[in-house]
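>>> next come a sequence and a model predicted from it.
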Amino acid sequence: MIKRIKIIMGIATIIVVAAIAARMYTSGQYTMYIPSKHTTFRAEVTDHMSMLDRLDRLTIRKISIADPYNEEDEVTITDPTEIRDMLKLLKDVELKRVQEFDVSERNPYYYEWRLTINKEGRFTDGFGLTFYNDHAVSIYSGYKTRDQLQDYEITNELNINEMERLFEKLKEEQT
């Protein structure tokens, strides 16, 4: 009889612990301990800026796979409002962290963005964004001490043609 009670108590304990763990998992209560693979552009880049931070410079390069060292296809934006307008293109981009992405779908050119932020007038922080195609981006975060370069798959729409149109417009304005 006592052995049967111990077995029932053991099973009940296991069920209670499993129910609590399932509830914590579904509520997202312990997500700070297990990082999610899903994120957004806003969470990876713009959320790391405070109200005192100032957008210093955004350099955009169009890099051809055939001639990657061509410095002629480069545009630098120093006006903070124009930089914000460019970043608004990416504010709703949803990302999924991947180990590596398929480079066979790579366009004949890709875009590299270098964003420099003046952190409260004390030092600068940088982000590097490399857009390989409509579905692949690498983000370098200067504020991180580990895993500074991460590869992401873009899970929603990013129109690389719109990025090309804005790049050509900015290049034309600077000449």
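Looks like it arrived, so ask away.

>>> which residues in this protein form helices?
With helices called from DSSP state H, the chain shows them at 2-27, 41-44, 80-88, 160-174.

>>> please identify the most buried of these.
Highest mean neighbour count among those (mean count of other CB atoms under 10 Å): helix 41-44, with a mean of 18. For the C-beta atoms, the positions are set from N, CA and C on the backbone; glycine is no exception.

>>> follow-up on the earlier one: out of the helices of the chain, nearest to Gly121?
In terms of CB to CB, the element of these nearest to Gly121 is helix 80-88, at 14.1 Å.

>>> ok so, going back, mean pLDDT and distance to Val137 for the helices of the chain - can I get that in TSV?
Formatted as TSV, the helices of the chain follow (pLDDT from 0 to 100; distance: least, CB to CB, whole Å):
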stretch	mean pLDDT	distance to Val137
helix 2-27	84	29
helix 41-44	79	8
helix 80-88	85	14
helix 160-174	81	10
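
>>> quick one: closest of the ones you listed to Ile65.
helix 160-174 (14.4 Å).

>>> so for Leu55, which of the helices of the chain sits nearest?
Leu55 lies closest to helix 80-88 among the helices of the chain, at 4.3 Å (CB to CB).

>>> just give the number of residues close to the closest residue to Glu162 other than its chain neighbours.
In space, Glu162 comes closest to Leu89 once its chain neighbours are excluded; the distance is 6.9 Å by CB to CB, 6 or more residues apart in numbering. For Leu89, the count of nearby residues is 14 (other CB atoms under 10 Å).

>>> among the helices of the chain, which is nearest Ile139?
Taking CB to CB, helix 41-44 is the member of the helices of the chain nearest to Ile139, at 5.6 Å.

>>> turn the helices of the chain into TSV, including distance to Ile65.
Shown next, in TSV, are these (distance: least, CB to CB, whole Å):
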stretch	distance to Ile65
helix 2-27	43
helix 41-44	24
helix 80-88	23
helix 160-174	14
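
>>> how about those helices, which one is nearest Asp73?
In terms of CB to CB, the element of the helices of the chain nearest to Asp73 is helix 160-174, at 7.5 Å.

>>> check which helices and strands the closest one sits against.
Other helices and strands packing on helix 160-174, by 3 or more CB pairs under 8 Å, 6 or more residues apart in numbering; DSSP states H and E, are strand 54-64, strand 74-77, strand 109-119, strand 123-133.

>>> so how far is that helix from its chain's centroid?
22 Å (CA atoms, centre = their mean, to the nearest Å).

>>> before we move on, what about stretch 37-53?
Taking mean C-alpha positions (CA atoms, centre = their mean), stretch 37-53 and its chain are 8 Å apart.

>>> same deal with stretch 56-66?
17 Å.
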